[in-house]
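Colleague: Next one to model:
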Amino acid sequence: MLVLVAPGQGAQTPGFLTPWLELPGAADRIAAWSDAIGLDLAHYGTKADADEIRDTAVAQPLLVAAGLLSAAALGDVSPGVVAGHSVGEFTAAAFAGVLDDTAALRLVRTRGLAMAEAAAITETGMSALLGGDPEVTVPHLEKLGLTAANVNGAGQIVAAGTMEQLAALEADKPEGVRRVVALKVAGAFHTHHMAPAVAKLEAAAKELSPAAPATRYVSNKDGQVVTDGAEVVARLVGQVANPVRWDLCMETFQALGATALIEVCPGGTLTGIAKRALPGVSTVALKTPDDLDAARTLIAEHAAV
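Modeller: Have a look, this model is predicted:
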């Protein structure tokens, strides 16, 4: 059984969209999406530097567009499950048919702008903790005033909070944590710092007419399969200010019988976690179009169930 997943913010790198735009029809599709959301996705995906694409209002629609473009390049795909990490949930909602591509991009453009505004209120950020026991790490973060914003499994938790709190974490790591790595994001996402963005996203979501998922959609709120389109959208809205439980998503993948996992562009982060947390599950990360053949082989070998 094949799982198709989409990465979250921080996966972007300068120029990562360049090789994808060389595929037939890709530049036209990106141009149409750019017009629809008022953002030059081609420019930001090919010519912008790391600081420009770190901007939340840019990074989020850029990541969703890249995920949709790379999935389309795979051709006919029938995954048994779809899911996304943080903003990748919007990509997954489009994969599942809950929203069409343009609706997903318009909503995520609103999300990015609203989260950027919320992030500007206080200087905040996120850092990944490598190693350690969650039962030790989470209370330690709380003691420092930080939030365990992403519980990713495979020994990785992402802390979020003010820059002062993150600096204190660097100086006072939880027992068992090997490293603390600052992430390429511009705010404390999935925490109370993002609460001002929720109302704006709720207003935008009221304009949508979501469909029921045509594929099993796993929510990173709690790792549950969601079968109602309106509930998917409600969770997309609420997740802005709530922790991501990717560990629970992977438990669900395993319970549903996952045998293979493909991570759409810019792939790498989620496949890396899956290799540690889901032994025996074959993985392919779509980093460039050179990875498409390996992904298609995996698709042919692992039919949806």
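
Colleague: which outside residues touch the longest helix belonging to the chain?
Modeller: When the chain is parsed with DSSP state H, its longest helix is helix 101-121. By C-beta atoms under 8 Å, 6 or more residues apart in numbering, the residues outside helix 101-121 that reach it are 32-33, 36-39, 55-61, 64-65, 68, 87, 90-91, 93-94, 99, 186-189, 193-197, 200-201, 204-205, 208, 236, 240. For the C-beta atoms, the positions are set from N, CA and C on the backbone; glycine is no exception.

Colleague: which residue ranges form the helices in the stretch 151-300 of the chain?
Modeller: With DSSP state H, counting those that start in this stretch as the criterion, the stretch 151-300 of the chain has helices at 163-171, 195-205, 229-238, 246-255, 269-277, 292-301.

Colleague: So which of those helices is nearest Pro134?
Modeller: Proximity to Pro134 (C-beta to C-beta) singles out helix 246-255 among these, at 8.3 Å.

Colleague: for the closest one, which positions count as buried?
Modeller: Of all the residues in helix 246-255, those buried under the rule 16 or more other C-beta atoms under 10 Å are 246-253.

Colleague: Need the residues you listed in TSV (columns: distance to Gly131).
Modeller: Shown next, in TSV, are the buried residues of helix 246-255 (distance: C-beta to C-beta, whole Å):
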residue	distance to Gly131
Trp246	17
Asp247	15
Leu248	20
Cys249	21
Met250	18
Glu251	20
Thr252	24
Phe253	23
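
Colleague: Dump those residues into a markdown table; add pLDDT and distance to Val284 as well.
Modeller: As requested, those are exported to a markdown table (pLDDT from 0 to 100; distance: C-beta to C-beta, whole Å):
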| residue | pLDDT | distance to Val284 |
| --- | --- | --- |
| Trp246 | 96 | 18 |
| Asp247 | 95 | 22 |
| Leu248 | 96 | 23 |
| Cys249 | 97 | 18 |
| Met250 | 97 | 17 |
| Glu251 | 97 | 21 |
| Thr252 | 98 | 20 |
| Phe253 | 98 | 15 |
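
Colleague: Quick one, which of the contacts of helix 101-121 are buried?
Modeller: 33, 36-37, 39, 55-61, 64-65, 68, 87, 90-91, 93-94, 99, 186-189, 193-194, 196-197, 200-201, 204-205, 208, 236, 240.

Colleague: Restricted to strands, list the residues you listed.
Modeller: Members of those lying in strands (criterion: DSSP state E): none.

Colleague: Looks like Val98 contacts Ser219 (just checking).
Modeller: No. Taking contacts as C-beta atoms under 8 Å, Val98 lies outside contact range of Ser219: 11.2 Å.

Colleague: quick one: which of those two has more around it?
Modeller: Val98 (28 against 24; other C-beta atoms under 10 Å).

Colleague: what's the more buried one sitting at in phi/psi?
Modeller: In terms of degrees, to the nearest 10, the main-chain angles of Val98 are phi -70, psi -40.

Colleague: so who does it touch?
Modeller: With C-beta under 8 Å, 6+ apart, Val98 has these contacts: 210-213, 217, 229, 232-233.

Colleague: could the helices of the stretch 151-300 of the chain be laid out in JSON lines, adding distance to Gly15?
Modeller: JSON lines is the format used below for the helices of the stretch 151-300 of the chain (distance: least, C-beta to C-beta, whole Å):
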{"stretch": "helix 163-171", "distance to Gly15": "28"}
{"stretch": "helix 195-205", "distance to Gly15": "28"}
{"stretch": "helix 229-238", "distance to Gly15": "29"}
{"stretch": "helix 246-255", "distance to Gly15": "27"}
{"stretch": "helix 269-277", "distance to Gly15": "18"}
{"stretch": "helix 292-301", "distance to Gly15": "18"}
